[in-house]
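S.K.: Below are the sequence and a predicted model for it; my questions follow.
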Amino acid sequence: MPCRFDAASTLLMLLVAAPVSAQVPARWHDELASPTHPLTLPMFDPDTVRWPASPLSPPPAPVRALYVNAWAFGGQRLAHLIDLAQGTEVNSFVIDVKDDTGYLTYRSDVPTARAIGANTQLRARDIRVRLARLQARGIHPIARIVVAKDPLLAARKPEWAIRHTGGGLWHDRLGFAWVDAFQDSVWIYAAQLAAEAVQLGFAEIQYDYVRFPDEDRIIDEGRYAAFAKERLDKIDRHEHAEARA
């Protein structure tokens with residue numbers, strides 16, 4: 001069931017999660033190299049960033065959103081969707097930033113994204129222009145970031161992935177590999193992408209697939225919320241996490 005929290009509070013929801021395979025939680029930062037890029041979040045201070053656009057108004061109440069996949073957002077169909085929203089009660093777009101393939105909609109400077117090739121299937125090269133069009137038409141842009149279902153990250157960073165006890169990547173019934181939610185680096189990568197999305201002009205973050213792949217158990221969202229809050233609590237943006245089957 002979806003849960004909401006904002007950047008000024010921490011949701012504590014501790015749910016029991018039996019191991020999918022033999023997994024040992026790593027210590028904080030064990031998997032990450034020393035930060036060298038300004039968007040590497042231990043060095044990222046929102047107070048020092050000049051945001052590219054003025055903050056949007058608070059989220060509409062209620063939010064009535066359309067889901068816009070990466071191809072629609074980056075193509076000519078976006079104009080039609082904007083016109084549709086203007087003639088209806090739609091006031092928000094949930095836009096794929098990272099979908100369940102692991103690839104990104106626009107070019108990212110996050111080091112992990114660059115290292116794993118997440119920039120190789122770009123759908124929107126003019127991201128700032130497109131977000132400005134939404135803002136001009138009063139549409140609330142929500143960035144959707146898929147967390148645990150990321151076959152690209154699992155393949156390129158197998159040490160972050162769910163693995164069979166006998167070795168090798170574990171795959172779901174559709175053949176997709178998933179990353180291991182116990183790995184701190186998985187959470188850090190999602191938070192880095194979120195910070196970058198906010199810098200580009202998104203007004204809200206939706207974290208999707210915040211769960212384990214067996215579909216019965218949700219990830220410890222209290223642990224995740226603490227990570228997100230640490231990185232985004234100085235930014236006037238809203239967040240929510242969603243466990244989607």
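M.R.: Okay, I see it. No experiment lies behind these values; they were computed from the predicted model shown.
S.K.: could you check the distance from Pro62 over to Asn91?
M.R.: 9 Å (Cβ to Cβ, to the nearest Å). (Each C-beta comes from the backbone N, C-alpha and C, glycine too.)
S.K.: If you could redo that for Pro158, that was the one I meant.
M.R.: From Pro158 across to Asn91, the span is 42 Å (Cβ to Cβ).
S.K.: Between those two, tell me which one has more neighbours.
M.R.: Neighbour comparison, Pro158 and Asn91: the larger count goes to Asn91, with 17 against 14 (by other Cβ atoms under 10 Å).
S.K.: Wait, that one touches Ile139, no?
M.R.: Yes - between Asn91 and Ile139 there is a contact at 6.6 Å, judged by Cβ atoms under 8 Å.
S.K.: Please identify every residue contacting each of these two.
M.R.: Ala85 (Cβ atoms under 8 Å, 6 or more residues apart in numbering).
S.K.: Who are the packing partners of the lengthiest helix in the chain?
M.R.: Assignment by DSSP state H gives helix 184-200 as the longest helix of the chain. Contacts defined by 3 or more Cβ pairs under 8 Å, 6 or more residues apart in numbering; DSSP states H and E place helix 184-200 against strand 92-98, helix 111-116, helix 127-136, strand 140-146, strand 204-208, helix 221-232.
S.K.: next helix or strand past the fourth one?
M.R.: Going back to what we said before, that points to strand 140-146. With elements assigned by DSSP states H and E, the helix or strand that comes after strand 140-146 is helix 151-156.
S.K.: got the buried residues for that following helix?
M.R.: For helix 151-156, the neighbour count (16 or more other Cβ atoms under 10 Å) marks 151-154, 156 as buried.
S.K.: JSON lines for the helices and strands packed on helix 184-200, including mean pLDDT and mean neighbour count?
M.R.: JSON lines is the format used below for the helices and strands packed on helix 184-200 (pLDDT from 0 to 100; neighbours: other Cβ atoms under 10 Å):
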{"stretch": "strand 92-98", "mean pLDDT": "97", "mean neighbour count": "24"}
{"stretch": "helix 111-116", "mean pLDDT": "97", "mean neighbour count": "18"}
{"stretch": "helix 127-136", "mean pLDDT": "94", "mean neighbour count": "17"}
{"stretch": "strand 140-146", "mean pLDDT": "96", "mean neighbour count": "24"}
{"stretch": "strand 204-208", "mean pLDDT": "92", "mean neighbour count": "25"}
{"stretch": "helix 221-232", "mean pLDDT": "56", "mean neighbour count": "19"}
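S.K.: Between the ones you listed, which one is closest to Ser185.
M.R.: helix 111-116 (7.7 Å; Cβ to Cβ).
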